[in-house]
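> Provided below are the primary sequence and the corresponding predicted coordinates.
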Amino acid sequence: MNIYVILKRTFDTEEKIVISNGKIETDGAEYIINPYDEYAVEEAIKQRDEHGGEVTVVTVGDEESEKQLRTALAMGADKATLINTEDDLEDGDQYTTAKILAAYFEDKEVDLILAGNVAIDEASGQVGPRLAERLGISCVTTITKLDIEDDKAQIDKDVEGDVEKLEVSLPLLVTCQQGLNDPRYPSLPGIMKAKKKPLDELEIDDFDLEEDELEPKTKTLDIYLPPEKEAGRVLEGEVADQVKELVSLLQNEKKIL
């Protein structure tokens with residue numbers, strides 16, 4: 001099987017986000033593989049081990065993304081591709097990323113593409129479905145189980161606490177949800193092997209894409225942190241009086257009712 005994983009470099013989930021002049025400060029910040037993408041890498045390796053073939057991990061980003069690609073290789077992926085946009089793309093969004101990835105996959109034989117359900121930085125969940133649409137292949141999001149036999153996939157899809165069971169033909173793109181598997185940690189032998197595994201680097205100029213084709217379709221108006229959580233309030237007195245006070249607070253202060 002020809003298996004691909006779309007991977008994104010994101011802030012460490014333990015990192016404290018600092019905003020200055022309407023922009024996120026990146027100096028000194030720690031980055032990791034987007035956690036949902038780790039499920040995709042793990043599932044790709046499992047499917048390869050069961051059905052044969054190879055796993056290629058792909059990311060669109062700057063040269064710093066090589067570290068996350070090497071981590072995926074250390075987990076067990078066979079090879080990686082970095083599409084470096086650092087010098088050629090000033091701004092972009094999910095539309096831009098999907099457009100670039102579609103150009104990359106244009107001449108590829110694909111059986112299965114896996115991605116994270118969402119990226120923890122922007123959480124749009126758009127890149128996978130947009131890419132599948134461009135490639136003209138089936139797409140199932142938020143999967144929690146994947147069994148493949150011949151050219152059919154049996155899938156469990158998370159639907160807000162319930163499960164939808166689907167049968168889909170390959171080629172197929174899926175986005176992976178928590179509960180699909182338990183991503184492995186890179187072993188020391190895996191880390192050593194990853195240094196010798198192929199990691200190709202491409203640029204926008206390697207594809208038949210014009211600059212105006214990659215202009216983002218969305219615009220960020222403002223970036224800000226959520227307000228700090230206020231201290232709780234304990235209501236006292238008779239239960240009936242507490243209920244009246246609670247309703248009044250919800251109506252007049254919080255404007256919920």
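Perfect, I can see it now.
> who's in contact with residue 245?
235, 237 (Cβ atoms under 8 Å, 6 or more residues apart in numbering). Glycine gets a C-beta too; all of them are placed from N, C-alpha and C.
> so it, which state does it fall into?
helix (DSSP: H, G, I helix; E, B strand; the rest coil).
> check residue 254 too.
coil.
> what's next to stretch 189-207, contact-wise?
Contacts for stretch 189-207 (Cβ under 8 Å, 6+ apart): 63, 66, 69-71, 73-85, 87-89, 100, 103-104, 106, 186, 214.
> buried members of those into ChimeraX, please.
Those of the contacts of stretch 189-207 that count as buried under 16 or more other Cβ atoms under 10 Å are selected in ChimeraX with:
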select :66,69,70,71,73,74,75,76,77,78,79,80,81,82,83,84,85,89,100,103,104,186,214
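> show me the contacts of stretch 189-207 that map onto helices.
Using DSSP state H, the subset of the contacts of stretch 189-207 located in helices is 66, 69, 70, 71, 73, 74, 75, 100, 103, 104.
> does the first one touch residue 83 like I think?
No - with contact taken as Cβ atoms under 8 Å, residue 66 and residue 83 are classed as non-touching, separated by 11.7 Å.
> do you know how far residue 199 is from residue 183?
Distance check for residue 199 against residue 183: by Cβ to Cβ, to the nearest Å, it reads 20 Å.
> looking at the two, which one has more neighbours?
residue 183 (18 against 15; other Cβ atoms under 10 Å).
> the more buried one falls within a helix, correct?
No - according to three-state DSSP, the state of residue 183 is coil, so it is not within a helix.
> for it, give me its contacts.
Going by Cβ under 8 Å, 6+ apart, residue 183 touches 38, 39, 41, 42, 75.
> how many residues are close by the third one?
The criterion is other Cβ under 10 Å. On that basis, residue 41 has 26 neighbouring residues.
> same check on residue 39?
Neighbours of residue 39 (other Cβ under 10 Å): 26.
> again with residue 140
So residue 140, with other Cβ under 10 Å, has 20 neighbours.
> SS state for it?
strand.
> quick one: the strands in this protein?
2-6, 9-11, 19-20, 23-24, 31-33, 54-61, 79-84, 112-116, 138-149, 152-159, 162-169, 172-176, 199-203 (DSSP state E).
> okay, those, which one's buried deepest?
Most buried of the strands of the chain by mean neighbour count (mean count of other Cβ atoms under 10 Å) is strand 112-116; its value is a mean of 28.
> check which helices and strands that one sits against.
strand 2-6, helix 35-51, helix 127-135, strand 172-176 (3 or more Cβ pairs under 8 Å, 6 or more residues apart in numbering; DSSP states H and E).
> once you drop chain neighbours, what's closest to residue 137?
Take residue 137 and drop its neighbours on the chain: the residue closest to it by Cβ to Cβ, 6 or more residues apart in numbering is residue 171, 4.6 Å away.
> equivalent analysis for residue 17, please.
residue 24 (6.2 Å).
> quick one: residues contacting the one you found.
17, 18, 223.
> per-residue pLDDT of it, please?
Looking at residue 24, its pLDDT stands at 76.
> beta-bridge partners for it, please?
residue 19 (DSSP bridges).
> from residue 68, how far off is the spatially closest residue to residue 100 that is not a sequence neighbour?
Computed as Cβ to Cβ, 6+ apart, the closest residue to residue 100 that is not its neighbour in sequence is residue 60, at 5.4 Å. Separation of residue 60 from residue 68 (Cβ to Cβ): 12 Å.
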